[in-house]
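A.B. asks: Mind looking at a prediction? Sequence and model below.
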Amino acid sequence: MMNFDKDKLDDALLGKMRKYINDPEYTPEKVGAVSGAAKGLCQWVHAMFIYGNVAKEVAPKRARLKAAQEALKKKQEALREAEKKLKLVLDKVQALKDTYEVSTSNKKALEDELADLEAKVRVLPFPNPADCVPIQD
C-alpha cells in the first residue's frame, strides 16, 4: 500500500472499486467489527476511491495550468527580449541627444565667435591706399 501509485487510478480500476464501495456491507465500521486490520484496509480503499475521482476532475485543470504556465513563460521571454531591444533603442536615442547637445553648443560658440569677429572687422579702419607700399617681386 505504501508503494501504491495513486496517480495511476484510471476509470477501469475506479469502476471495479465502485462495486465494493457501493456495497453497504463494505464500510469501515462493518468491516472493523470483524477485523481491525481489514478496517484499515477498507478505509484505505475508500480513500483511494475518493482520491481517484477527485484526481480525475483535477487532471484537466492541471493540464490547463501547465499549458498556461508554459505560455506565460514564452510571453515573459518575449517581453525580456523586447525590453532588451527597447533599451538599445533608448541608449541610441540618448547618444543622439548628447551629440545634438554638443553640436548645438559648438554651433552657438562658432556663431558667437563669428559675431565678435564681424564686429571687430567693422571697427578697424581701412588703410589709405597712398600709404600702402607696393609689393615687389
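C.D. replies: All right, it came through fine. Note that the coordinates shown come from a computational prediction; the quantities given were computed from them, not determined experimentally.
A.B. asks: So, low pLDDT: which residues of the protein?
C.D. replies: Across the chain, the ranges flagged by pLDDT under 70 are 126-127, 137.
A.B. asks: can you give me the strands for it?
C.D. replies: Taking DSSP state E as the test, none of the chain falls into strands.
A.B. asks: how far is the longest helix anywhere in the chain from where the chain is centred?
C.D. replies: Assignment by DSSP state H gives helix 36-123 as the longest helix of the chain. When C-alpha coordinates are averaged (CA atoms, centre = their mean, to the nearest Å), helix 36-123 and its chain have centres 5 Å apart.
A.B. asks: helices or strands up against it?
C.D. replies: helix 11-21, helix 28-34 (3 or more CB pairs under 8 Å, 6 or more residues apart in numbering; DSSP states H and E). In short, each C-beta sits where N, CA and C put it, glycine included.
A.B. asks: Give the burial count for M48, as a bare number.
C.D. replies: M48: 19 surrounding residues under other CB atoms under 10 Å.
A.B. asks: Ok, G52 next?
C.D. replies: Neighbour tally, G52, other CB under 10 Å: 19.
A.B. asks: Skipping its backbone neighbours, what lies nearest it in space?
C.D. replies: Distance criterion CB to CB, 6 or more residues apart in numbering; nearest residue to G52, sequence neighbours excluded, is L9 at 3.4 Å.
A.B. asks: show me what contacts that neighbour?
C.D. replies: Neighbouring residues of L9 by CB atoms under 8 Å, 6 or more residues apart in numbering: 48, 51-52, 55-56.
A.B. asks: Select, from those residues, the two members most distant in space.
C.D. replies: Spatial extent of the contacts of L9 (CB to CB) is set by the pair M48 and K56 at 12.4 Å.
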